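J.: Here is my input; please provide its structure:
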Amino acid sequence: MKIKRYYQYLLILLFTIILILPIGLSSNVILFTPDRNILNTQDEYIDITVSEAWDLLSDTSNGIQLPIDVRTDSEWVSGRIDTPFPEFPRHFEKNDIVDEESYQEFLDLYDGSDIIVYCKSGGRSAASANIITSRGFNGTVYNMLGGITDWNTQGLPAKSGNNKPSIPDTPEGPSVCNIGVPYEFTTQTTDPDDDPIRYGWDFNGDDYVDKWTDYGPASTQVSIEYGFVSTGSFEVSVLAEDLVGSQTTFSEKITVIANTPPSKPIIDGPSQGEAGTSYEYELVSTDNQESEISYFIEWGDGSTDGWTRTLPSGESLLISHTWDEKNNYVIRAKARDEHQGESEWATLEVQMPQTHAYPWLTGLFDQHPYLKQIILSFF
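T.: Numbering: from 1, shown residues only. I've put the predicted structure just below:
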C-alpha cells in the first residue's frame, strides 16, 4: 500500500513538472536577462523602409540619427544617400564591423547614438545591424530595407562621384602665444559638392595633421584651440577633408612664436613715507629667451608709467613717484618682452600717513637730502 502511494506521488510530481516546464522556458525571467539589457542596450535592430529613413533623416525634431553606409570604399565613393547636416551619411565598411579590433573604433565613433545602417539592397546592412546589437551597442540601431537601390528608385536625394574641397584659407590666429595657454585659430573653405568638411591642422610645420576638427558645413568659418608646449618658432597650416575622404593639400602657412613671458617683477623700495615726497623704486624681471623687457606701472593713485623703455633681461629699472595725499596705496607692475608676452602683476603696499606742513622745507630736503638725514639723527 505504501509503495502504491509512493508511485502516485511520483506520477503527480512528474505531471506537474511537465505542465510547468514550457511556461518556465517561455517566461522572461529576470535572472536570465543578459547583462547588455541591464545596460539599456538594444536586443534587436529595427527594420525601416527608405521612406521612414528619410523622414528620420530630414527632420532633427525627432532626434539625431546617423546614417552609416556599410558598403565597400569604391561603392561609397561612386554613390551615396544625401541627407542634410548634421544627419549626413558616414561610412564604415561591414568587414570592419565584423573585425573585433576595428569594431572598437566603431564604438568610439558611434556608441550612444541612434544609427541607420544601409548598403546596396539590405543584406549587408542587416548582417551589420545584427552584429552591432549582439555586441552590446548603446543606442537604437535601424536597418534600412532595400538599401540605396530602393532609395534611388523612390527618387530620394543622392550624390554620385566626388570633387575635392578647395584649399582652406590661410589660418588666422595670434602671431605670439605663451606656452601652455590655448589659443584660437580659424579658417574656412568651400566644397563643390557642398559636403560637410573637417579640417586637419599642422602646428609644427612638418605637413602632418596634429589635430582634427569635427565635420561641419562647408563655407562656414571653423575654429580650433591649440596650446604650444615648448618655445620656438612654428609654422601653422591646415588642410580640408570631405565626408568621402578626399583631402586638399595644406594651406599657406603662418608663423607663430611660442613664448614664455617674463617673470613677475620684483618691486623694491620704501613701503611707507610722507605724502608730497618723491620715492625711488627698483623693478627687475628676467626672460627665459633673454628678450628685452619693458614695464608697466600703476601707482595706486590713478597715475601710471608705462610702457617704459626696454632693458636687457635682469637689468633693474629705477623710477620715482610722489603721492600727493595721505593714504594707503598699492603699486602694481608687470613686465612685457619683445614678443608681447606679459608677466603676472606684482604688487607692493605703500602707506603715506604724513603730510608736510612746510612746503619750503620739503623743497630744501629734496635739494639737500643729507640735511634731512642729519636732522632725523637727533630724534
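
J.: could you pull out the strands for the stretch 151-300 of the chain?
T.: 158-160, 176-178, 183-187, 197-202, 211-212, 222-226, 232-242, 254-259, 266-268, 272-275, 278-284, 293-298 (DSSP state E, counting those that start in this stretch).

J.: Now distance to Q367 and mean pLDDT too, for those, in a markdown table please.
T.: Every residue, glycine included, has its C-beta placed from N, CA and C. Shown next, in a markdown table, are the strands of the stretch 151-300 of the chain (distance: least, C-beta to C-beta, whole Å; pLDDT from 0 to 100):
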| stretch | distance to Q367 | mean pLDDT |
| --- | --- | --- |
| strand 158-160 | 88 | 96 |
| strand 176-178 | 46 | 90 |
| strand 183-187 | 53 | 97 |
| strand 197-202 | 64 | 98 |
| strand 211-212 | 65 | 97 |
| strand 222-226 | 58 | 97 |
| strand 232-242 | 53 | 97 |
| strand 254-259 | 46 | 94 |
| strand 266-268 | 25 | 97 |
| strand 272-275 | 16 | 93 |
| strand 278-284 | 12 | 96 |
| strand 293-298 | 26 | 97 |
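
J.: nearest to E315, of the ones you listed?
T.: strand 278-284 (7.2 Å; C-beta to C-beta).

J.: For the strands of the stretch 151-300 of the chain, please prepare CSV with the additional fields mean neighbour count.
T.: What follows is the strands of the stretch 151-300 of the chain, written out as CSV (neighbours: other C-beta atoms under 10 Å):
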stretch, mean neighbour count
strand 158-160, 14
strand 176-178, 19
strand 183-187, 17
strand 197-202, 22
strand 211-212, 13
strand 222-226, 16
strand 232-242, 20
strand 254-259, 19
strand 266-268, 15
strand 272-275, 15
strand 278-284, 16
strand 293-298, 22
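
J.: Can you redo the ones you listed as JSON lines, where the extra columns are distance to R124?
T.: Listed next are those as JSON lines, based on distance: least, C-beta to C-beta, whole Å:
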{"stretch": "strand 158-160", "distance to R124": "18"}
{"stretch": "strand 176-178", "distance to R124": "48"}
{"stretch": "strand 183-187", "distance to R124": "37"}
{"stretch": "strand 197-202", "distance to R124": "26"}
{"stretch": "strand 211-212", "distance to R124": "28"}
{"stretch": "strand 222-226", "distance to R124": "34"}
{"stretch": "strand 232-242", "distance to R124": "24"}
{"stretch": "strand 254-259", "distance to R124": "45"}
{"stretch": "strand 266-268", "distance to R124": "71"}
{"stretch": "strand 272-275", "distance to R124": "84"}
{"stretch": "strand 278-284", "distance to R124": "72"}
{"stretch": "strand 293-298", "distance to R124": "66"}
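
J.: I'd like to know which of the ones you listed lies nearest to S320.
T.: Here strand 278-284 is closest among the strands of the stretch 151-300 of the chain (C-beta to C-beta), at 4.7 Å.

J.: quick check: angle from the closest one to strand 293-298?
T.: Counting by axes from the mean of the first three to the mean of the last three C-alpha atoms, to 10 degrees, strand 278-284 points 140 degrees away from the direction of strand 293-298.

J.: Strand 278-284 packs against which elements?
T.: strand 266-268, strand 317-322, strand 327-337 (3 or more C-beta pairs under 8 Å, 6 or more residues apart in numbering; DSSP states H and E).

J.: Rounded mean pLDDT for the longest one, please.
T.: Going back to what we said before, that points to strand 327-337. For strand 327-337, the mean per-residue pLDDT is 96.
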